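turn this into a structure:
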Amino acid sequence: MQTSPETRARAAGTGGYLVIDLAALVANYTQLSARSGQALTGAVVKADAYGLGAFQVATALYDAGCLHFFVAQACEAFTLRPSLPADAALYVLNGLPEDCEASCADQNIIPVLNSLRQIARWADLAKTRGQRLPAVVQFDTGMARLGLSSEEARALAAAPDTLKALDIRFIMSHLACADTPENIANADHLAHMRNISALFPGLPVSLANSGGLFLGDGFLQHLTRPGIALYGGAPNDAGPNPMQAVVSLHAAVIQTRTVPTGTRIGYGGAHTATHDMRLATLGAGYADGLPRSLSPRGAAWHGDIRLPIVGRISMDSLMVDITDLPEGTLAEGDFVELIGPHQSIDTIAADAGTISYEILTALGRRFYREYRGHT
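Numbering: from 1, shown residues only. Take a look at the predicted model:
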């Protein structure tokens, strides 16, 4: 007989369970691929696929047709590369680390080259080995984070022998404001990228991240790189989220109690009961990725009843007000919703004063994890 995730979470001794719906992930990828038009669609799987498991996520997306995967650091690529078939391209967004050149070349890992020095080191290795090594070159079009400046772009364009040593798969930049479609910076990024592209005729371009996919056809170019939208986060602030939810999170009730008016609740007595209250203590806290800033604003849910968080969130627990539930509704060992139909990752992020990216990547490993929708 198949047991429930609640039963498996209790048997595992965890404070909650996290369900990751890989079928919803694939559905989001399919939707984003359709929006990409003629452009290829990649997937950003950095930070362990936004905390959801790079192996499971990349495997599901590869089976759905994805052949372009992006991580941030070379160590992530070294871990993921053995799990991906040879025809899957794996890119390192943070560039080519010193002394990792040979390892990247040996393992078919493609660096996103962010400086003239990185380009020179990769080209030197290519010449030494007598082979054209694959690479991506990134340009800064207005974020001031990574990539070659306009002056460096012109210098590179004036030195074609350097590029001849490399197999440049595409050139790219990153949009800083794509989550706010009306921001004038988006058009500035696109115009700047077009100017750079003119210096390197014939090279494919990658520009659109999740938000960029919703900015118009001009941003799509040749390869799109969705991240947060794959995982169910809203790609922008322009209206209802079109993506399917990928994660749900439930926390275990580890104790219930009734406290009288005037009781100080939690560390520092941050909340004082203004009436007799019934409380439930949940077995998850900021060590599990629930920001302390949720304390005065966030909530859990039981059915359609919102259960406000009271007092400060602790490292391993938090308390919610269950006074609005009929007495006896919740008991030790029951579970309440933290992310799910009543509260999306964007909602909980807004309550915490942060963004959905931070919520996802912080979700702790102490939760029992269950993957659905892919074998």
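
so, low pLDDT: which residues of this protein?
Along the chain, segments meeting pLDDT under 70 span 1, 375.

given the biggest strand by length in it, what are its sheet partners and their directions?
Ranked by residue count and defined by DSSP state E, the top strand of the chain is strand 247-259. Applying DSSP bridges to the sheet, strand 247-259 is found paired with strand 16-21 (antiparallel), strand 277-282 (antiparallel), strand 335-339 (antiparallel).

now do the helix or strand following the shortest one: distance to the chain's middle.
Next along the chain after strand 335-339, taking DSSP states H and E as the criterion, comes helix 345-352. When distances are taken as Cα atoms, centre = their mean, to the nearest Å, helix 345-352 is centred 15 Å away from the chain's centroid.

which positions in helix 345-352 come out as buried?
Within helix 345-352, the residues that count as buried by 16 or more other Cβ atoms under 10 Å are 345, 346, 348, 349, 351, 352. All C-beta spots, glycine's among them, are computed from the backbone N, C-alpha and C.

C-alpha coordinates for the longest strand of the chain, PDB please?
Taking Å, rounded to 0.1, in the frame of the first residue of the first chain, the C-alpha atoms of strand 247-259 are listed here in PDB:
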ATOM      1  CA  VAL A 247       6.700  23.300  -5.200                       C
ATOM      2  CA  SER A 248       4.500  22.800  -2.200                       C
ATOM      3  CA  LEU A 249       5.700  22.800   1.400                       C
ATOM      4  CA  HIS A 250       3.900  21.500   4.500                       C
ATOM      5  CA  ALA A 251       5.300  21.800   8.100                       C
ATOM      6  CA  ALA A 252       4.500  19.500  11.000                       C
ATOM      7  CA  VAL A 253       2.700  20.500  14.100                       C
ATOM      8  CA  ILE A 254       5.000  19.500  17.000                       C
ATOM      9  CA  GLN A 255       2.900  20.900  19.800                       C
ATOM     10  CA  THR A 256      -0.400  22.800  20.500                       C
ATOM     11  CA  ARG A 257      -1.300  24.900  23.500                       C
ATOM     12  CA  THR A 258      -3.700  27.500  24.800                       C
ATOM     13  CA  VAL A 259      -2.300  30.700  26.300                       C
END
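
listing partners with orientation, what would you give for the helix or strand that that strand is followed by?
Heading C-terminal from strand 247-259, the first helix or strand you meet, by DSSP H and E, is strand 264-265. Note on strand 264-265: by DSSP bridges, its sheet partners are strand 271-272 (antiparallel).

so what's the gap between the partner strand and the chain middle?
Counting by Cα atoms, centre = their mean, strand 271-272 comes out at 35 Å from the chain centroid.

not counting sequence-adjacent ones, nearest residue to the residue nearest to the spatial centre of the chain?
Centrality entry for the chain: nearest residue to the mean C-alpha point is residue 50, 3.4 Å, by Cα atoms, centre = their mean. The spatially closest residue to residue 50, leaving aside those adjacent along the chain, is residue 360, at 4.5 Å (Cβ to Cβ, 6 or more residues apart in numbering).

host element of the one you found?
When elements are assigned from DSSP H and E, residue 360 belongs to helix 356-362.

neighbouring contacts of that helix?
Helix 356-362 is contacted by residues 47-48, 50-52, 227-228, 231, 233-234, 247, 289, 291, 339, 345-346, 348-349, 352 when judged by Cβ atoms under 8 Å, 6 or more residues apart in numbering.

please apply the same query to stretch 194-202.
139, 141, 150, 153-154, 156-157, 163, 168, 171, 173, 203, 205.
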